[in-house]
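Undergrad: Just a sequence and a predicted model for now, questions to come.
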Amino acid sequence: MAAGHDGFGNNANFRTRPMVNFNGYIYAEASNNSGAQVWRSSDGTNWSQVTSSGFNDSNNTVIHSQAIFNGYLYLPTENNITGTEVWRTDGTTWTQVNIDGFGDLNNIQARALGIEGGYLYFGTHNEKTGAEVWRTDGTTWEQVNKDGFDDIKNFKIVPGLTYGGYVYAVTKNNNTGAEVWRFNPQIFDPQDTQTAWEQINVDGFGNVSNNGSAPSVFKGKLYVGTQNNTGGSIYRYKGNLSDPIDPANWEQVASSGINDIDNIAIMLTPGVVTDTLYAGAANFIDGSKIFKTTDGDNWTQISTGGFGDINNISDIWPWLIDNGYLYAGTVNSVTGGEIWALQLDATSPTTPTNLNAIPMSSSQINLSWNASTDNIGVTGYKIYNADNNAEIATTASTSYSHSGLNSDATYRYYVKAYDGAGNLSGSSSTVSATTYKAPVSTSTGTDVPASLGNNVNLNFDQVTGSGTTSVTVSTTAPAPSPSGFNLLGLYYDVSTTATFSGKIRVTFPYDESQVTGAEADLRLFHWEGGIWKDVTVLPVDTANNLITGEVTSLSPFSVGSPSGSGGSVPSTGYNTYWLLIVGISLMIGGGHLLLREKRFN
């Protein structure tokens with residue numbers, strides 16, 4: 001079905017593309033030689049313009065891609081005069097966040113490549129010195145490749161993706177054919193940017209006429225579409241992407257324009273796809289078409305040519321899957337670009353349950369939840385900021401580590417599941433957590449307190465040299481566990497740069513929902529000399545869910561609950577005392593026998 005009027009009511013809007021769902025709205029681009037516009041819709045049918053034409057610059061004629069990063073929607077423009085501009089919005093205010101053309105007016109276009117390691121990546125179009133890759137942490141920008149990957153004929157990078165810790169970029173090269181490159185941020189060297197990149201295909205997949213189109217990862221395999229005047233093709237990497245790459249290890253899974261040589265360019269659903277992969281085929285004869293596959297080998301056409309209008313000829317891109325619909329945009333220079341929607345699956349996943357948030361440090365909170373179910377299958381989960389409903393991230397797992405946070409700050413979250421058709425579940429319950437304090441100043445003196453946040457508190461008998469004290473949390477324990485106890489799953493690693501003498505009194509919280517027996521029987525353990533030692537100072541504060549101990553050194557701590565069906569506190573071999581019973585003296589063989597009583601707290 002049509003999901004908007006031709007050209008949004010203006011036939012000069014020659015291309016329209018549905019781009020992304022951001023904060024509950026579908027955002028779409030309208031290309032116009034007098035300045036591109038951004039439109040949005042809450043229902044996929046009724047649209048409103050949310051930017052001025054060209055962001056008040058008529059030379060910003062096209063927006064080629066989009067990305068959501070750190071609560072903002074990023075959109076890069078095409079500008080053939082002063083260079084590409086990258087704009088972002090929180091849903092209300094628009095701001096340009098780069099220098100025009102990244103400082104080079106020959107960078108006339110930019111396209112999003114994805115997010116990896118706390119950075120958002122973009123590839124450019126530059127016919128003078130070769131395409132460039134830039135990244136931002138939301139504040140600063142840096143180039144991370146050599147121009148054109150050391151070949152100025154690599155003039156354009158198409159929309160890419162991130163997967164398995166790598167950034168993937170596909171080039172257009174009119175001399176030797178498309179090249180597929182991937183970037184490993186872990187080995188990036190600013191002094192030699194190219195060392196972190198490797199080409200993972202043979203130029204043009206063995207055909208110099210094959211130019212590049214956007215890649216997808218489908219069921220764990222990398223797919224790349226191509227543009228070729230004798231019919232576009234689709235290639236799949238046969239190997240495991242986590243193994244060393246063999247550039248020759250590709251296979252062609254669709255050829256000759258998917259059996260129509262007039263389908264000269266094949267554009268795949270961008271990003272990582274699990275259930276169904278869609279392909280748009282540009283066709284200048286009888287209109288562009290959309291195909292799908294569920295196995296990566298067999299392709300089925302699911303639209304008529306040009307959706308019944310042969311003027312819908314180029315750049316048909318199955319761009320967005322949202323709320324049970326596949327949205328595609330067209331190029332139409334006669335009546336204006338169109339947006340079409342195909343209903344895929346009307347059943348939403350069940351709502352995620354048991355959302356839990358645990359602060360891990362002064363800058364990280366870990367989330368976990370119970371899995372949702374779906375009639376076909378759950379694709380992943382979206383994590384939201386409950387204070388402004390902004391999407392934070394997506395993940396295929398039932399856990400997420402939210403890092404880069406402010407210290408001693410409270411964050412609120414909820415989670416939704418989504419399926420391969422983009423259907424969203426209901427919102428999970430909302431949870432909150434507060435990060436720990438940044439390293440706390442610990443001054444010289446006696447009886448010195450250090451409050452680290454979240455009811456983790458220390459008190460030093462004597463601090464002889466000032467420093468700072470901090471805590472991080474882990475879910476991995478040193479082994480073995482203490483005999484007769486089950487540790488509750490969180491391990492507090494407290495450290496200080498201060499010098500001290502005497503004892504340290506430490507207090508930690510515990511989660512009463514994890515306690516199977518009596519809370520009064522809990523014990524605080526300290527990792528010392530390769531074993532867990534009981535350092536508890538009784539009684540346990542069961543009213544406030546706090547437990548205290550005394551130590552003379554700092555290393556991991558954990559709270560333990562007695563194991564076994566009896567639930568009684570076993571002997572740990574520590575924190576006991578011997579009471580000498582005086583006044584009893586027995587003469588045995590000319591010696592004395594002293595009776596002692598062993599008592600347990």
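TA: Here it is on my side, so go on.
Undergrad: wait, isn't Ser399 in contact with Asn366?
TA: Yes: with contact defined as CB atoms under 8 Å, Ser399 counts as touching Asn366 (6.8 Å). To be clear about C-beta, it is placed using only N, CA and C from the backbone, and glycine gets the same treatment.
Undergrad: The two - which one has more neighbours?
TA: Asn366 (18 against 11; other CB atoms under 10 Å).
Undergrad: part of a helix, is the more buried one?
TA: No: using DSSP: H, G, I helix; E, B strand; the rest coil, the assignment for Asn366 is strand, not a helix.
Undergrad: Run through the bridge partners of it.
TA: With DSSP bridges as the criterion, Asn366 is bridged to Ile358, Ser401.
Undergrad: Only the buried residues of stretch 137-145, if you could.
TA: Trp141, Gln143, Val144, Asn145 (16 or more other CB atoms under 10 Å).
Undergrad: my bad, stretch 362-379
TA: 362-369, 372, 374, 376, 378-379.
Undergrad: Please name the two of the residues you listed that end up farthest apart in the structure.
TA: Distance extremes for the buried residues of stretch 362-379: the farthest pair is Ser362 and Ile376 at 41.2 Å, using CB to CB.
Undergrad: all strands for the stretch 51-200 of the chain, in order.
TA: 60-63, 67-69, 72-79, 86-89, 94-96, 109-116, 119-125, 133-136, 141-143, 154-157, 161-163, 166-173, 180-183, 197-199 (DSSP state E, counting those that start in this stretch).
Undergrad: Now tabulate those strands in JSON lines and tack on mean pLDDT and distance to Ala498.
TA: Shown next, in JSON lines, are the strands of the stretch 51-200 of the chain (pLDDT from 0 to 100; distance: least, CB to CB, whole Å):
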{"stretch": "strand 60-63", "mean pLDDT": "97", "distance to Ala498": "54"}
{"stretch": "strand 67-69", "mean pLDDT": "93", "distance to Ala498": "39"}
{"stretch": "strand 72-79", "mean pLDDT": "97", "distance to Ala498": "40"}
{"stretch": "strand 86-89", "mean pLDDT": "98", "distance to Ala498": "43"}
{"stretch": "strand 94-96", "mean pLDDT": "98", "distance to Ala498": "43"}
{"stretch": "strand 109-116", "mean pLDDT": "96", "distance to Ala498": "38"}
{"stretch": "strand 119-125", "mean pLDDT": "98", "distance to Ala498": "35"}
{"stretch": "strand 133-136", "mean pLDDT": "98", "distance to Ala498": "38"}
{"stretch": "strand 141-143", "mean pLDDT": "97", "distance to Ala498": "37"}
{"stretch": "strand 154-157", "mean pLDDT": "98", "distance to Ala498": "51"}
{"stretch": "strand 161-163", "mean pLDDT": "95", "distance to Ala498": "42"}
{"stretch": "strand 166-173", "mean pLDDT": "97", "distance to Ala498": "42"}
{"stretch": "strand 180-183", "mean pLDDT": "98", "distance to Ala498": "42"}
{"stretch": "strand 197-199", "mean pLDDT": "97", "distance to Ala498": "45"}
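Undergrad: Looking at these, spot the one closest to Gly489.
TA: strand 109-116 (29.6 Å).
Undergrad: Can you tell me which helices and strands that closest one packs against?
TA: Applying 3 or more CB pairs under 8 Å, 6 or more residues apart in numbering; DSSP states H and E, one finds that strand 109-116 contacts strand 67-69, strand 72-79, strand 119-125, strand 154-157, strand 161-163, strand 166-173.
Undergrad: Nearest to Ser427, out of those?
TA: strand 67-69 (17.9 Å).
Undergrad: for the residue nearest to the spatial centre of the chain, which residues make a bridge with it?
TA: By CA atoms, centre = their mean, the chain has its centre lying nearest to Ala393, at 4.9 Å. With DSSP bridges as the criterion, Ala393 is bridged to Ile383.
Undergrad: residues touching the residue nearest to Pro18 when sequence neighbours are not counted, list them.
TA: Counting by CB to CB, 6 or more residues apart in numbering, Pro18 lies nearest to Tyr327, which is 3.8 Å off, once chain neighbours are set aside. For Tyr327, the contact set (CB atoms under 8 Å, 6 or more residues apart in numbering) comprises Ala3, Pro18, Ile26, Gly44, Pro318, Trp319, Leu320, Ile321, Ile339, Trp340, Ala341.
Undergrad: can we see that at 7 Å?
TA: Shown in contact with Tyr327 (CB atoms under 7 Å, 6 or more residues apart in numbering): Ala3, Pro18, Trp319, Leu320, Ile339, Ala341.
Undergrad: what do you get for Leu487?
TA: Ala477, Ser481, Ser558, Gly560.
Undergrad: State the pLDDT value of it.
TA: We have a pLDDT of 94 for Leu487.
Undergrad: ok, the closest residue to it other than its chain neighbours to Leu488 distance?
TA: Excluding its sequence neighbours, the residue lying closest to Leu487 (CB to CB, 6+ apart) is Ser558, at 4.6 Å. Per CB to CB, to the nearest Å, Ser558 is found 7 Å from Leu488.
Undergrad: With neighbour numbers in mind, choose between the two.
TA: Ser558 (24 against 17).
Undergrad: mind listing what the helix or strand where the more buried one lies pairs with, with the direction of each?
TA: Using DSSP states H and E, the element containing Ser558 is strand 556-562. Applying DSSP bridges, strand 556-562 is found paired with strand 485-487 (antiparallel), strand 491-496 (antiparallel), strand 523-528 (antiparallel).
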